[in-house]
Each structure stands twice: as C-alpha cells, then as structure tokens.
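Enquirer: pasting the sequence and the predicted coordinates here, then a few questions.
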Amino acid sequence: MMLVLNNTSAQSLAFFLTGIPGLRSAQVWISIPFCLLYAIALSGNSMILLVVLRENSLHEPMYYFLAMLSVTDLSLSLCTLSTTLGVFWFGARKINLNACIAQMFFLHGFTFMESGVLLAMAFDRFVAICNPLRYTTILTNARIAQIGVIVLIRNVSVMFPVVLFVKRLSFCKSLVLSHSYCYHVDVIQLSCTDNRLNSIFGLFALFSTTGFDCPCILVSYILIIRSVLNIASSEERQKAFNTCISHISAVAIFYIPLISLSLVHRYGRSAPPFVHIIMANVFLLIPPVLNPIIYSVKTKQIQKAIVKVLIQKKCQI
C-alpha cells in the first residue's frame, strides 16, 4: 500500500537518512576520516577567521573576502555535521520535514554563497592587478560590505522559492533519502506529485548562482592574464601570478568536484551507489578542509598572523 502524505500531515512526515549503502558494517570506521575532516574544517576556518579579525595588518579587502569564505565554509560544514555523524555513530536516521527543509535551505544556500564569495575574490584580484592605482578607492570597506550583502540576498532570494515549493509536494514512495543529509534533488524525487516546478526552480537557482559565477571568474582571469603578460619585468609577472595562486586553487577545489559530481550523476548511473554518496560528501568537505590550508601555506601574512596568535596563546597559558 502506498503512503500518501500532504501538507496537512507535514508535522508528522519524516525522512530516513542513509549512510553509505553496502558499507553499513564499516560505517563506524568510515566515520573516523569524516570526523577528522570535519575537525580540520572547523578548526582551520575558525583560525583563519580569528586571525583576520584580530590582526590589524590583515584588515584589507583580500583578507575580508577570505574571512567571508571562512564563514561560508564553517557554515557549510556545520550544516551536515550533525546528521552525517549522527547516522554514522548513533544510527540517528530520522529527520522531520521541517528540519529537512531547513537543512536543505542552508546547505544549498551556503554552497551558492561560496560561489559568490569566490567571484568577489576574483573581482578583488582583477582590480588589484589590472587597476592597482584605484584599488583602495574601488574596494572600500563600504563596498566590501555591499558585496557581502548582495551575495547573501542573492542566495536567500534564489533558495527561498526552492524550499517553499517542497512544502507543496506530497510523498507516496519510500521516504528513504540517498544521503546523510537533505539534498534537494534527492527529496523531490520521492514525491508522487508533479515536481517539474521544483526542478525548474532548482535549475534556476543553480544557473543564476554557480552557472553565472563560474564564467565571470573565467573572464576575470583571462583579463588578468592579459594584463600580467603586458608587464615588462618577469619578476613582477611572477609576483602578480603568485597573488592569484591561492584563489585559483580555491576555485579549482570548489568547481572541479562540483562538475565531477554532476557528470557522475548524469553519466555514471551504473556506478555503485556508495560511489555517488562518497563523492557527494567529498564535494561538501573538500573546500572547507583545503581552503584554510591553502591560504595558510601560500599566504605569508596569514602564516605570520597564525604564528603570532599561537605564540600569544602559549604565553597566556
């Protein structure tokens, strides 16, 4: 007998999260690297955020954007931390509809926000290299705050109708989700009503955020490369490129897993289910884990600030 649930029973409606299909007996062991990655992501991004806030020498546009990236990565990690480790450690698989929608909103919202922050950082590098004399007048503190607010408003605006239309769906299939968190496509596939509107809004949200940001970042770097190649001194060219390495790495570790995951979902349907699940979790964890490491290794100012903070803490102890 099919189970039909509509908005009138939304309070009692619950989904069941999945760990890694086919590897349930090994989930406790699999949770160890996941827990380690979460710990690295939370501690690394917290440290970056702390040093940017505390060190006056880092109160510059580039580091303000880096702080925004750290806040986004922290939030993205926290979105899935409780349900993922809850499934792995305690078998806590049940999540009600409202909690699922809230997690979906923040999960996709912060993913899109990361894309927006990466675009803002590309704009920062573009102005710094292509128009250095006007850098401080273009990227004022007020302008940086405006960019942050615009990125936030854009993501709330595109995500609100996406999650709102989930509430109108009725569910009559198995309520078992394929992930250890609520993923929009995963949820609407369980609906027994017409979900075309949900799919349209989902695609609109995707193309109006990452689909817009990625080409803009690409164009900005084409202009940056053209500007750098016009610099006569090879030493100055090298210095200009070095200021972009960290950002290019952050862009790569965000978009490459995103594109790979999309290709696997579309063309890798014959792959075992656990491959899709692991790739989805890796996509959500790689940027928050690697971004603070990349910026700590590649940016001397961040290195010095972290060492200074650690020495101060050691002296206080």
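Expert: Nice, I can see it.
Enquirer: quick one: contacts for the spatially closest residue to Ser296 that is not a sequence neighbour?
Expert: Sequence neighbours aside, Ile302 is the residue nearest to Ser296 in space, at 5.5 Å (criterion: C-beta to C-beta, 6 or more residues apart in numbering). (C-beta placed from N, C-alpha, C; glycine too.) By C-beta atoms under 8 Å, 6 or more residues apart in numbering, the contact list for Ile302 reads 48, 51, 58, 63, 66, 295-296.
Enquirer: give the burial count for Val28, as a bare number.
Expert: When neighbours are defined as other C-beta atoms under 10 Å, Val28 has 11 of them.
Enquirer: now do the same for it: its pLDDT.
Expert: Among the per-residue scores, Val28 holds a pLDDT of 75.
Enquirer: ok, now which ones touch it?
Expert: Under the criterion of C-beta under 8 Å, 6+ apart, the neighbours of Val28 are 88-89.
Enquirer: skip the chain neighbours and tell me the closest residue to Ile231.
Expert: Taking C-beta to C-beta, 6+ apart, and ignoring the residues beside it in sequence, Ile231 has Arg237 as its nearest neighbour in space, at 4.9 Å.
Enquirer: Asn230 is in contact with the one you found, correct?
Expert: No - between Arg237 and Asn230 there is no contact under C-beta atoms under 8 Å: 9.2 Å.
Enquirer: these two - which one has more neighbours?
Expert: Comparing Arg237 with Asn230 by neighbour count (other C-beta under 10 Å), the higher total belongs to Arg237, at 14 against 9.
Enquirer: mind checking how far that one is from Leu66?
Expert: If you measure Arg237 against Leu66 using C-beta to C-beta, to the nearest Å, the figure is 24 Å.
Enquirer: can you give me phi and psi for Ala14?
Expert: Geometry field for Ala14 lists phi and psi as phi -140, psi 140, criterion degrees, to the nearest 10.
Enquirer: I'd like to know how many residues surround it.
Expert: Under the neighbour criterion other C-beta under 10 Å, Ala14 is assigned a count of 14.
Enquirer: show me the beta-bridge partners of it.
Expert: Bridge pairing for Ala14 (DSSP bridges) gives the partners Asn96.
Enquirer: surely it and Leu175 touch.
Expert: Yes - checked against C-beta under 8 Å, the pair Ala14 and Leu175 is within contact range at 6.9 Å.
Enquirer: how about the nearest residue to Gln189, chain neighbours excluded?
Expert: Sequence neighbours aside, Asn195 is the residue nearest to Gln189 in space, at 7.7 Å (criterion: C-beta to C-beta, 6+ apart).
Enquirer: what of Leu285?
Expert: The shortest distance from Leu285 to any residue other than its chain neighbours is 4.9 Å, reached at Leu37 (C-beta to C-beta, 6+ apart).
Enquirer: and that neighbour, what are its phi and psi?
Expert: The phi and psi torsions at Leu37 (degrees, to the nearest 10) take the values phi -60, psi -40.
Enquirer: read off the pLDDT value for it.
Expert: In the predicted model, Leu37 carries a pLDDT score of 92.
Enquirer: what's the helix or strand Ile256 falls within packed up against?
Expert: Taking DSSP states H and E as the definition, one finds Ile256 inside helix 234-267. For helix 234-267, the elements it packs on are helix 97-130, helix 210-229, helix 273-298, judged by 3 or more C-beta pairs under 8 Å, 6 or more residues apart in numbering; DSSP states H and E.
Enquirer: how far off helix 97-130 does the last one point, in degrees?
Expert: For helix 273-298 and helix 97-130, the angle between their directions (axes from the mean of the first three to the mean of the last three C-alpha atoms, to 10 degrees) works out to 40 degrees.
Enquirer: distance from the chain centre to helix 273-298, please.
Expert: Centroid separation for helix 273-298 versus its chain: 9 Å, with C-alpha atoms, centre = their mean, to the nearest Å.
Enquirer: so can I have a markdown table of the contacts of Ile302 showing distance to Arg226 and neighbour count?
Expert: As requested, the contacts of Ile302 are exported to a markdown table (distance: C-beta to C-beta, whole Å; neighbours: other C-beta atoms under 10 Å):
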| residue | distance to Arg226 | neighbour count |
| --- | --- | --- |
| Ile48 | 31 | 28 |
| Val51 | 34 | 26 |
| Leu58 | 30 | 20 |
| Tyr63 | 26 | 22 |
| Leu66 | 25 | 27 |
| Tyr295 | 26 | 25 |
| Ser296 | 30 | 17 |
